[in-house]
Structures are given as C-alpha cells and as structure tokens.
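1. kindly generate the corresponding structure for this input.
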Amino acid sequence: MSYLKQIKIAGIEERTNDAWYDMNLRQMRRGEVRFYRVRDFLTGEWLFKLCRDEELGKVLIKALKCPPGVRFAQLEGNTMVFQKSTMKGWLYDIVSLTQANENDQLSRKIVDEIQEIPAIIRENYQIKTYEEATGKTAPGKHWATLSKVDDEKAMIALFLLERAWTLSPITPEKKLKILQEQEGLKPIKKRKEIDTGQTWACPICGDEFRLKHIESEATTKHALKKP
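-> This is a model prediction of the structure:
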C-alpha cells in the first residue's frame with residue numbers, strides 16, 4: 001500500500017489574484033493563492049497556503065495550521081520554496097530534513113548523501129544533484145527533488161515528508177497497522193430491511209416497485225426497489 005495515498009489533500013479556497021510577503025526577497029508579491037486542507041494519517045491535520053509567483057517561476061508553500069504538540073507547533077509558519085529548474089516544466093527543492101533534539105528543539109539538515117534521503121521520497125520523486133537541477137554549483141547544496149510545476153499536491157506532500165514525518169515518534173508502518181486494527185474493531189452497524197409486501201406502480205411508465213422498510217441503529221427510512 002502506498003503511504004502517499006494515505007495523505008488526503010483537498011483544495012478549499014482559490015484566489016486568482018492575491019498578495020503575500022516573500023521573506024527571502026523582503027517584499028510583497030502578487031499572484032495566485034490557494035488553500036489546502038490535509039489529513040495526514042501519520043501526523044494529523046494541516047492547513048497550507050500555496051502562493052504561485054509566475055513572474056519568478058516559483059511556488060511557496062506555508063504551513064498555517066499544524067497538528068498539536070511541541071514539535072509540530074514549531075513548524076507553524078514554516079515555508080518551503082520550489083524554484084524553476086533547468087528542466088522545463090519542473091520545480092526543484094533542496095532536500096533538507098527536519099530534526100529534533102532531546103529537548104524537542106528543531107533544526108534542519110541539508111542532506112549530503114543520497115542514502116540519507118528517506119526511501120519514500122526517493123521512490124516517489126525525481127532526485128537530482130543541485131547542479132543538474134539548477135545548472136549552478138553552490139557549496140553545501142547537494143541534492144534536490146523535482147516536482148511538476150502544476151502538481152501542487154505533490155509539493156505539499158513533500159513538505160510533510162521532509163519537515164514533519166521525520167518528527168513522528170512512530171513509523172508509518174506501525175501507525176497504519178494501528179489504524180487498520182482500529183477499523184477492524186469498529187462495531188458493524190446493524191441494518192434490517194423488511195419487504196412490506198406493497199407494490200407501487202409508476203403512473204407514467206408502469207414500472208413496479210416494492211416498498212421496503214429499512215431500520216438501522218439510529219434511523220428508520222423507506223425505499224422503493226424493483227422486485
């Protein structure tokens with residue numbers, strides 16, 4: 001089972017012309033803005049703001065609301081920037097993973113070796129060297145992911161994988177197993193369907209239907225079904 005499919009990302013608002021403050025440029029920018037609600041099976045519920053800067057060819061993703069807890073609270077307001085790659089139609093992100101020390105203080109580490117990149121990222125995203133992705137060289141920048149320029153959900157998922165999943169006290173495997181066990185323990189809703197014996201005919205086409213009396217734990221309803 002793909003863990004990424006267990007991250008449910010839904011757009012809730014779209015603004016075709018809005019503004020935001022770019023911390024790196026220290027200036028206001030304008031462009032498309034979208035808001036996404038995310039239900040991540042591993043870490044919890046999130047709210048993201050996505051800002052698309054067409055002039056500069058980049059996308060900013062900002063965590064507006066994070067799951068409860070000391071670690072996740074420090075990610076509130078955190079921004080990930082995706083910039084135009086030399087590969088047409090793709091944006092790159094320098095791979096850096098969030099870490100927490102024994103006092104739950106967060107820091108980010110730029111990945112040196114490709115083996116340090118979590119398997120779920122390597123299996124679901126293109127990984128390139130910084131030089132391949134940008135056509136430039138820079139000290140201390142080694143690996144980058146590529147995301148399609150219009151795949152906003154993939155960018156949001158990558159934010160979670162790099163910034164949040166590394167802070168989880170439980171592995172995705174264990175969490176998914178727990179959720180599946182909980183689903184199996186949910187009581188089966190009792191439902192009783194009784195054929196009343198009454199037949200109703202459509203006055204237009206003449207089709208006949210049987211009246212069914214349906215009882216569940218909380219409600220009683222009726223339905224017409226073909227015999």
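2. longest strand of this structure?
-> Looking across the chain with DSSP state E, the single longest strand is strand 7-22.
3. and the strands in this structure?
-> Defined through DSSP E, the strands belonging to the chain, from first to last, are 7-22, 27-40, 44-53, 58-65, 79-84, 90-94, 96-100, 106-110, 126-129, 143-148, 191-201, 208-216, 220-225.
4. quick revisit: tilt between the longest strand of the chain and strand 58-65?
-> Between the axes of strand 7-22 and strand 58-65, defined by axes from the mean of the first three to the mean of the last three C-alpha atoms, to 10 degrees, the angle is 110 degrees.
5. show the pLDDT at N103.
-> Reading off the confidence values, N103 has pLDDT 94.
6. and it, how far is that from L211?
-> 67 Å (C-beta to C-beta, to the nearest Å). The C-beta positions use only the backbone N, C-alpha and C, and glycine is treated the same way.
7. compare neighbour counts for those two and give me the winner.
-> The neighbour comparison of N103 against L211 (other C-beta atoms under 10 Å) goes to L211, with 15 against 6.
8. quick check: angle from the longest helix belonging to the chain to strand 27-40?
-> Longest helix in the chain, counting residues (DSSP state H): helix 172-185. Going by the same axes, to 10 degrees, helix 172-185 is angled at 50 degrees with respect to strand 27-40.
9. next, count neighbours for F209.
-> Neighbour count for F209, taken as other C-beta under 10 Å: 15.
10. picking up where we left off before, now the longest helix of the chain: buried residues?
-> For helix 172-185, the neighbour count (16 or more other C-beta atoms under 10 Å) marks 172, 175-176 as buried.
11. can you add distance to L91 and pLDDT and give those residues back as TSV?
-> Putting those into TSV (distance: C-beta to C-beta, whole Å; pLDDT from 0 to 100) gives the following:
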residue	distance to L91	pLDDT
P172	25	92
K175	29	92
L176	29	88
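12. residues in contact with the longest strand of the chain?
-> In this structure, residues lying in contact with strand 7-22 by C-beta atoms under 8 Å, 6 or more residues apart in numbering are 27-41, 49, 51, 53, 60, 153, 156-157, 160.
13. same check on stretch 48-66?
-> Contacts of stretch 48-66 with the rest of the structure, by C-beta under 8 Å, 6+ apart, involve 18, 20, 22, 29, 31-36, 38, 44-47, 72-73, 75-84, 91, 149, 152, 155-156, 159, 163-164.
14. cheers, nothing more for now.
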